[in-house]
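Student: Starting from these lines, generate the structure:
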Amino acid sequence: MEEHNGMDYKQQVVQALAAVLGDELTTDTINKLVEQPKSDDLGDYAFPTFALAKVRRMAPPKIAADIVAAIDQSQFDHVVAQGAYVNFFLDKVAFAQDTLTTIATQGSHYGDAQVGHGNVPIDMSSPNIAKPMSMGHLRSTVIGNSLAKILTKIGYTPIKINYLGDWGTQFGKLIVAYKKWGSEADVKANPIKHLLEYYVRFHKEAETQPELDDEARAWFKKLEDGDAEATKLWQWFRGESLKEFKRIYDVLGVDFDSFNGEAFMNDKMDPVIQELEDKHLLHESQGAEIVDLSKYDMNPALIRKSDGATLYMTRDLAAAIYRHNQYDFAQSLYVVGMEQKEHFEQLKAVLLEMGYDWANDIHHIPFGLITANGKKLSTRKGNVILLDKVLQEAVDLAQDQIAAKHPDLKHADAVAKAVGVGAVVFHDLKSERKDSFDFNLEEVVRFEGETGPYVQYTNARAHSILRKTDVQPDAHVQLTDDHAWPVLKQLAAFPDIVLRAANEYEPSVIAKYALRLAKSFNQYYAHTKVLVDDDELAGRLALVQSVTVVLSAALGLLGVQAPAAM
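Tutor: Numbers count the residues shown, from 1 in each chain. Predicted coordinates:
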């Protein structure tokens, strides 16, 4: 695949300007200045002349008029000066044929680019064992999954890592609680529900019986020392939890390349501490061991507590070094909430202090919170919205809407699942990831407005048009309908959109694009009778078919299905 799709019209504009302005501005500068006007009446590309006003000591409108007089207009429909801007109107016929032929030829590979190569581990989702997956886990899961798809499209090989919270004193608490109040049959019947009940009961009872905490610490120490009974219980709790998590991941359509969690890093921390000592980076501070990061204007990184216990930082250093050795990564991403910003800044700084310049390829991909009625979700306080329940309710709502609108739809259950789950995922990804949002299910599963179902429904409508005729789409048939123009421009923009989403690690760029394309197509459909049997029918069908290809691809990059009928 070439890096672009053979129709870089912006470059045409840049080259035409460079031929006239080459002595004054570099091609690179011209490229940065050329923009797309807000409205189609102002042309397809515009060049602001303010940068030349200083050099030429002339008023910008006069410069714009001079450029228009000097420029070669043969490749364009026309070029005009409007105020300080040179506005370029593209040759619509050539543009339409070029765009539609490219999409017809490349199909689902349209928008592919070979700009990246190499492995990109993505640390994502990472729930705690024996606790239910909440809406709070949704963000990391779907943002990470979408980034993996976007990075694949531009040539990288993502490695999705579910860095499970599968270690720590909570397991001592669970073992004590299970041995006191638990039943094997209950855990097998509904692992997460019962393990959580034991965990909550432990905290309650420990308020009046502080000796329970000592028992828990003792059991966790046994687990750390490899005690057979403790290890067996830990493996069982972990295995049962994973089965339940995988069931939810299947509903979301998300899979992982690795479930190596915190426990996997246990035997990899001592060598890291030894290395820090050998490199004279460990200092004592109030009995604890730290790495001084004052030269980075950061707080010290805590490596080992005064009682010898290791910390998150120690474990994450071991994990970062392991991933570099294992995958020789081009980049390493951590899709983790905004509140961990300082932690990742420290992590990179410690690695740089150790002499690892690959630390610069580590990127924290932060995101905002999901709140419920303005309150942060918390398992311990019981303010938790279970992800499982949300997905089920979303599918039920979609089922109701489909039954009302399309009672005889084939495969209605599968479509309801695609629409309900897609609605939840799309809603999460359509806002810029750093924004927080308050969750409201009714709003998420609406078919109208800026929702996933609206985009899916637009795609299904385009498919249904194609099903109603035997005429084959033909990208070479000329389109003269002005209403097609905004749709064509959106279609042509897709490859750049993919690159922008990848560069910014921002799935919302794709989601917002899908909404714009769907809206343009619906406006086109409202104005134009597609299935009229005239000279341009095959061309209009090529446009409709291109919309299905690109909407399906955009939804696919978000991890959302695109049913052909709804």
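
Student: So for residue 5, what pLDDT did the model give?
Tutor: On pLDDT, residue 5 comes in at 42.

Student: before we move on, what about residue 283?
Tutor: In this model, residue 283 is scored at 95, pLDDT.

Student: In terms of helices and strands, where is it?
Tutor: Per DSSP states H and E, residue 283 falls inside strand 282-285.

Student: The helix or strand following that strand pairs with which strands, parallel or anti?
Tutor: Next helix or strand after strand 282-285 toward the C-terminus (DSSP H and E): strand 288-291. With DSSP bridges as the test, strand 288-291 is paired with strand 282-285 (antiparallel), strand 301-304 (antiparallel).

Student: Can you say which of these is packed in most?
Tutor: Among the strands paired with strand 288-291, ranked by average contacts under mean count of other C-beta atoms under 10 Å, first place goes to strand 301-304 (a mean of 22). Any C-beta I mention is one placed from the backbone N, CA and C, and that applies to glycine too.

Student: Could you give the separation of that one from the chain centroid?
Tutor: How far strand 301-304 lies from its chain's middle: 31 Å, per C-alpha atoms, centre = their mean, to the nearest Å.

Student: looking at the chain, which helix or strand does the model trust least?
Tutor: Sorted by mean pLDDT, DSSP states H and E, the helices and strands of the chain end with strand 375-376, the least confident at a mean of 74.

Student: Now residue 395: closest residue in space that isn't a chain neighbour?
Tutor: Closest residue to residue 395 apart from its sequence neighbours, by C-beta to C-beta, 6 or more residues apart in numbering: residue 420 at 3.4 Å.

Student: tell me which element the one you found is part of?
Tutor: helix 412-430.

Student: After that helix, which helix or strand is next? Please name it.
Tutor: strand 437-438.

Student: who's in contact with residue 31?
Tutor: Residues in contact with residue 31, defined by C-beta atoms under 8 Å, 6 or more residues apart in numbering, are 10, 14.

Student: Distance of residue 429 relative to residue 437?
Tutor: Relative to residue 437, residue 429 is positioned 11 Å away (C-beta to C-beta, to the nearest Å).

Student: the more surrounded of the two?
Tutor: residue 429 (27 against 15; other C-beta atoms under 10 Å).

Student: Would you agree that one is in contact with residue 142?
Tutor: Yes: Residue 429 is in contact with residue 142 according to C-beta atoms under 8 Å; the separation is 6.1 Å.

Student: Give me the common contacts of the two.
Tutor: In contact with both residue 429 and residue 142: 507, 558, using C-beta under 8 Å, 6+ apart.

Student: Tell me which helix or strand the residue nearest to residue 64 when sequence neighbours are not counted sits in.
Tutor: Spatial nearest neighbour of residue 64, chain neighbours left out: residue 81 (3.8 Å); criterion: C-beta to C-beta, 6+ apart. Using DSSP H and E, the element containing residue 81 is strand 76-82.

Student: Report the mean per-residue pLDDT for that strand.
Tutor: If you average the pLDDT over strand 76-82, you get 96.

Student: What strands flank the next helix or strand after it, and is each parallel or antiparallel?
Tutor: Going down the chain from strand 76-82, the next helix or strand is strand 85-90, by DSSP H and E. Strand 85-90 sits in its sheet next to strand 45-48 (antiparallel), strand 76-82 (antiparallel), going by DSSP bridges.

Student: can you list the ones you listed in JSON lines and add mean neighbour count and distance to residue 240?
Tutor: Putting the strands paired with strand 85-90 into JSON lines (neighbours: other C-beta atoms under 10 Å; distance: least, C-beta to C-beta, whole Å) gives the following:
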{"stretch": "strand 45-48", "mean neighbour count": "22", "distance to residue 240": "59"}
{"stretch": "strand 76-82", "mean neighbour count": "17", "distance to residue 240": "66"}
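
Student: Identify each buried residue in the helix holding residue 420, please.
Tutor: 412, 415-430 (16 or more other C-beta atoms under 10 Å).

Student: counting contacts, what elements does it pack onto?
Tutor: Applying 3 or more C-beta pairs under 8 Å, 6 or more residues apart in numbering; DSSP states H and E, we find helix 412-430 packed against helix 135-153, helix 228-252, helix 387-405, helix 441-444, helix 452-467, helix 508-527, helix 537-558.

Student: hang on, residue 226 in a helix?
Tutor: No: under DSSP: H, G, I helix; E, B strand; the rest coil, residue 226 sits outside any helix and is assigned coil.

Student: how near is the most centrally placed residue in the chain to residue 122?
Tutor: Nearest residue to the geometric centre of the chain (C-alpha atoms, centre = their mean): residue 143, 3.3 Å. Here residue 143 is placed at a distance of 9 Å from residue 122 (C-beta to C-beta).

Student: Quick check: neighbours shared by the two?
Tutor: Common neighbours of residue 143 and residue 122 (C-beta under 8 Å, 6+ apart) are residue 335.

Student: neighbours of residue 483, just the number please.
Tutor: 14.

Student: hang on, I meant residue 195
Tutor: By other C-beta under 10 Å, neighbour count at residue 195 equals 24.

Student: Is it in contact with residue 187, as I believe?
Tutor: Yes: with contacts counted by C-beta under 8 Å, residue 195 reaches residue 187, the gap being 6.5 Å.

Student: anything in contact with each of these two?
Tutor: With C-beta under 8 Å, 6+ apart, residue 195 and residue 187 have common neighbours 178, 237, 240.

Student: With pLDDT as added columns, please give the residues you listed in TSV.
Tutor: Below are the shared contacts of residue 195 and residue 187 laid out as TSV (pLDDT from 0 to 100):
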residue	pLDDT
178	96
237	95
240	92
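
Student: now those residues as a markdown table including distance to residue 58?
Tutor: Below are the shared contacts of residue 195 and residue 187 laid out as a markdown table (distance: C-beta to C-beta, whole Å):
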| residue | distance to residue 58 |
| --- | --- |
| 178 | 82 |
| 237 | 76 |
| 240 | 76 |
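
Student: picking that back up, could you tell me the least trusted of the helices and strands packed on helix 412-430?
Tutor: Looking at the helices and strands packed on helix 412-430, the bottom one is helix 441-444 with a mean of 78.

Student: which helices and strands does that helix pack with?
Tutor: With contacts defined as 3+ C-beta pairs under 8 Å, 6+ apart, the packing partners of helix 441-444 are helix 387-405, helix 412-430.

Student: Can you tell me which of those is nearest to residue 35?
Tutor: Judged by C-beta to C-beta, the one of those that comes nearest to residue 35 is helix 412-430, at 24.4 Å.

Student: That closest one vs helix 228-252, what angle?
Tutor: Between helix 412-430 and helix 228-252, the angle comes out at 100 degrees (axes from the mean of the first three to the mean of the last three C-alpha atoms, to 10 degrees).

Student: Can we start the residue count at 24 from this point?
Tutor: From this message on, residue numbering opens at 24, which makes the last subject helix 435-453.

Student: Let me see the contact set for the closest residue to residue 450 other than its chain neighbours.
Tutor: Counting by C-beta to C-beta, 6+ apart, residue 450 lies nearest to residue 467, which is 4.3 Å off, once chain neighbours are set aside. By C-beta under 8 Å, 6+ apart, the contact list for residue 467 reads 417, 446, 447, 450, 474.

Student: Please list the outside residues in contact with the host helix or strand of residue 246.
Tutor: In this assignment (DSSP H and E), residue 246 forms part of helix 234-247. With C-beta under 8 Å, 6+ apart as the test, helix 234-247 has contacts from 191-192, 194-196, 198-199, 225, 228-229, 252-254, 257, 289.

Student: tell me the angle it makes with helix 251-275.
Tutor: Angle, helix 234-247 to helix 251-275, by the same axes, to 10 degrees: 90 degrees.

Student: what's the closest of the shared contacts of residue 218 and residue 210 to residue 383?
Tutor: residue 260 (38.3 Å).

Student: Would you enumerate the residues in contact with that closest one?
Tutor: Here residue 260 is in contact with 152, 153, 194, 197, 201, 210, 214, 218 (C-beta under 8 Å, 6+ apart).

Student: Which of these ranks first by neighbour count?
Tutor: Busiest of those [other C-beta under 10 Å] is residue 152, holding 27 neighbours.

Student: That residue and residue 339: what is the separation?
Tutor: Applying C-beta to C-beta to residue 152 and residue 339 gives a distance of 18 Å.
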